[in-house]
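Student: Here is my input, please return the structure:
(one chain, ligands or ions: 2)
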Amino acid sequence: MKITKLTTYRLPPRWMFLKIETDEGITGWGEPVIEGKARTVEAAVHELGDYLIGQDPARINDLWQLMYRGGFYRGGAILMSAMAGIDQALWDIKGKSLNVPVWQLLGGLVRDNMKAYSWVGGDRPGDIIDGINKLKAIGFDTFKLNGCEELGFIDNSRAIDAAVNKVAQIRETFGNEIEFGLDFHGRVSAPMAGILINELEPYRPLFIEEPVLAEQAEYYPKLAAKTHIPIAAGERMYSRFEFKRVLQAGGLSILQPDLSHAGGISECLKIAGMAEACDVSLAPHCPLGPIALAACLNIDFVSWNAVFQEQSMGIHYNQGAELLDYIKNKEDFTIRNGRFNPLTKPGLGVEVDEKLVIERSANAPEWRNPVWRHKDGSVAEW
Ligand SMILES: O=C(O)[C@H](O)[C@@H](O)[C@@H](O)[C@H](O)CO
Ligand SMILES: [Mg+2]
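Tutor: Ligands and ions are numbered 1, 2, ... in the order given. Next comes the predicted model:
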C-alpha cells in the first residue's frame, strides 16, 4: 500500500481534519491543529507530506522518525501538531486495513469504560452552579473550570477572594457529590500560584491545571511541595523529550498531553508509559473535535494510568459546530453515567461525514483566541 494524497479541511468551530488517501482505497483521518494557528499547521502538514507521498502507511514508526528527525529543526507546537494529525491518520489506516480498532493493535483493553469530564463556566468562570446542575442531570460528576480571570503578576486580595469564593460556592452547593479541576490556564504568575493554591486547599479541587505557564515548569515541584492538591499540566508540551524533563523534576501528578499537539498516538503512548513508570497519572487534554477525542480514547483504553478524559461537548469554544457534528457514528460517543465505552469500529473508530466536512470547510472561520489586557493596558495571559 502507498500513500497517495493528503487533504486538509479547516472547519468551524476552530478545527482541522486531515484525510490521507492510499493506492488501495483505504483512507485515514486525523485532526492536526493548533487552535488559532490552523493555517500554519496546515502548511506544516503539507510540507511534511513531501516525506510521505509514495511511502508505505503501515510503517508508522519509521515515518514518525522520518518526519521528526528528517528535519534539522524539530519539535514545538506547530510541527508536533502537524505530525500528530498525520500519525492519527496513519493509525486509522492501519486499523482499517487490519479491520480492528487501534486499541486492539496496542495490546487490547485495560478497562471497560473511561471516565469523562466536562467544562463549565467559560473563559470567565460564570454560571458555574447552573452549568454543573445541567451536566450532573445527564450523568457527569467531574468538571473543569477556569480557576480565575486575568490575574496581575502580583494581584490583590479582592482578586484572590473572587477566585476562591467561586470554588467555595461549588463545594457549598454540591458537597462531595461532584469533583472539579481548576485550570489556571497559564494566567497565574508563580508567586500568585502559591497564594491561590494555598487559599483553595480547603475546598479540595481534584487538580490544579497549568498553575503556571509551561515555560515556568521549574515551579511545578516547588508548588507541589506546598500543597496536597494534584498538579496537572501537559497541553503545551509537545514531545516525550519535554515530558521527560518534567517527570525527572517531579511535581506533576497528572500529565495532560494533547493527542493533536504532542506527536499523536505513537508519541502519547510513550508519554503514558513514562508517566506510569513515575507513578504519574494520564488525563489527555482534548478541547478539540471527534478525531482528536477518538485518538485520546484509543490511548485511554490501553493505558493503566489513564484517569479521566477531557471532551468538548458544550465547551465554550464550540461556536458554529459541536463535537459530533461531522461524524456519522455519533452513537459510539454516547457518554453513559459520565463514561465512554471503547470505540469498536476499525481504525480510530470515527466515521467521518466527508460530504459535510467538504461543505463546511468552504467557510471555515479564522478562529483566534481572545487577547486580554490588564487595566494598565499590558497584555494579560488569556
Ligand atoms: O484545558 C483546556 O481545555 C485548555 O486549557 C483549553 O482551554 C485551551 O487549550 C484552549 O483550547 C486554547 O485555545
Ligand atoms: Mg487547560
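
Student: where exactly do the strands run in this structure?
Tutor: In the chain, the strands defined using DSSP state E lie at 3-11, 15-22, 27-30, 114-119, 142-146, 179-183, 207-209, 231-233, 254-255, 281-282, 309-310, 339-340, 372-373, 379-380.

Student: which ones are touching the nearest residue to G349 once chain neighbours are set aside?
Tutor: Once flanking residues are discounted, G349 sits nearest to L343: 2.6 Å by C-beta to C-beta, 6 or more residues apart in numbering. (Each C-beta comes from the backbone N, C-alpha and C, glycine too.) Residues in contact with L343 (C-beta atoms under 8 Å, 6 or more residues apart in numbering) are 101, 103, 294, 297-298, 332-333, 349-350.

Student: and the chain, which of its residues are near ligand 2?
Tutor: Counting by C-beta under 5 Å from the ion, the residues of the chain close to ligand 2 are 183, 209.

Student: Taking the chain, what residue is nearest to ligand 2?
Tutor: D183 (4.3 Å; C-beta to the ion).

Student: What pLDDT is listed against G122?
Tutor: Note for G122: predicted pLDDT of 87.

Student: Now for it, how many residues are close by?
Tutor: 15 (other C-beta atoms under 10 Å).

Student: Can you name the residue of the stretch 251-382 of the chain nearest to ligand 1?
Tutor: At 3.6 Å from ligand 1, P287 is the closest residue in the stretch 251-382 of the chain, using C-beta to the nearest ligand atom.

Student: Test my guess that that residue contacts Y317.
Tutor: Yes: using C-beta atoms under 8 Å, P287 is in contact with Y317, at 6.1 Å.

Student: Compare the two (neighbour count), which wins?
Tutor: P287 (21 against 17).

Student: Quick check: nearest residue in space to that one, chain neighbours excluded?
Tutor: S312 (5.1 Å).

Student: any idea how far S189 is from that neighbour?
Tutor: Using C-beta to C-beta, to the nearest Å, S312 is found at 28 Å from S189.

Student: do F153 as well
Tutor: Counting by C-beta to C-beta, the gap from F153 to S189 is 5 Å.

Student: Could you do A277 as well?
Tutor: Distance from A277 to S189, by C-beta to C-beta: 32 Å.

Student: which stretches of the stretch 1-150 of the chain aren't confidently modelled?
Tutor: Within the stretch 1-150 of the chain, the set of residues satisfying pLDDT under 70 is empty.

Student: at 80 what do you get?
Tutor: Residue ranges of the stretch 1-150 of the chain with pLDDT under 80: 125-126.

Student: And the residue of it closest to ligand 1?
Tutor: For the stretch 1-150 of the chain, C-beta to the nearest ligand atom, closest residue to ligand 1: E35, 3.5 Å.

Student: and that residue, how many neighbours?
Tutor: 20.

Student: Isn't it up against P370?
Tutor: No: using C-beta under 8 Å, E35 makes no contact with P370, being 11.6 Å away.

Student: what are the ranges of the helices in the stretch 101-250 of the chain?
Tutor: Remark: helices assigned in the stretch 101-250 of the chain by DSSP state H, counting those that start in this stretch are 102-105, 128-136, 157-174, 190-200, 219-224, 240-249.

Student: Packed most tightly, which of those helices would that be?
Tutor: Highest mean neighbour count of the helices of the stretch 101-250 of the chain: helix 102-105, a mean of 21 (counted as mean count of other C-beta atoms under 10 Å).

Student: helices or strands up against that one?
Tutor: Applying 3 or more C-beta pairs under 8 Å, 6 or more residues apart in numbering; DSSP states H and E, one finds that helix 102-105 contacts helix 77-98, helix 290-300.

Student: now the first one and helix 240-249, what's the angle there?
Tutor: In other words, helix 77-98. Following axes from the mean of the first three to the mean of the last three C-alpha atoms, to 10 degrees, one obtains 110 degrees for the angle between helix 77-98 and helix 240-249.

Student: mind listing what's buried in helix 77-98?
Tutor: The neighbour-count check on helix 77-98 (16 or more other C-beta atoms under 10 Å) flags 77-97 as buried.

Student: how about it against ligand 1, any contact?
Tutor: No: counting by C-beta under 6 Å from any ligand atom, ligand 1 has no neighbours in helix 77-98; the shortest distance is 10.9 Å.

Student: Near ligand 1, which residues of the stretch 1-150 of the chain are found?
Tutor: Residues of the stretch 1-150 of the chain lying near ligand 1 (C-beta under 6 Å from any ligand atom): E35.

Student: same thing but 8 Å
Tutor: Residues of the stretch 1-150 of the chain found near ligand 1, taking C-beta under 8 Å from any ligand atom as the criterion, are 14, 35-36, 119, 144, 146.

Student: ok, of those, which come out buried?
Tutor: 14, 35, 119, 144, 146.

Student: Once you drop chain neighbours, what's closest to the first one?
Tutor: In this structure, R14 finds its nearest non-sequential neighbour in W367, 3.6 Å apart by C-beta to C-beta, 6+ apart.

Student: Check whether the one you found really touches K37, as I assumed.
Tutor: No: using C-beta under 8 Å, W367 is not in contact with K37; the gap is 9.7 Å.

Student: Compare A277 and S189 and say which one has the larger neighbour count.
Tutor: S189 (20 against 10).

Student: For the more buried one, give me the pLDDT.
Tutor: Reported pLDDT for S189: 98.

Student: Does it touch Y219 like I think?
Tutor: No: checked against C-beta under 8 Å, the pair S189 and Y219 is beyond contact range at 9.5 Å.
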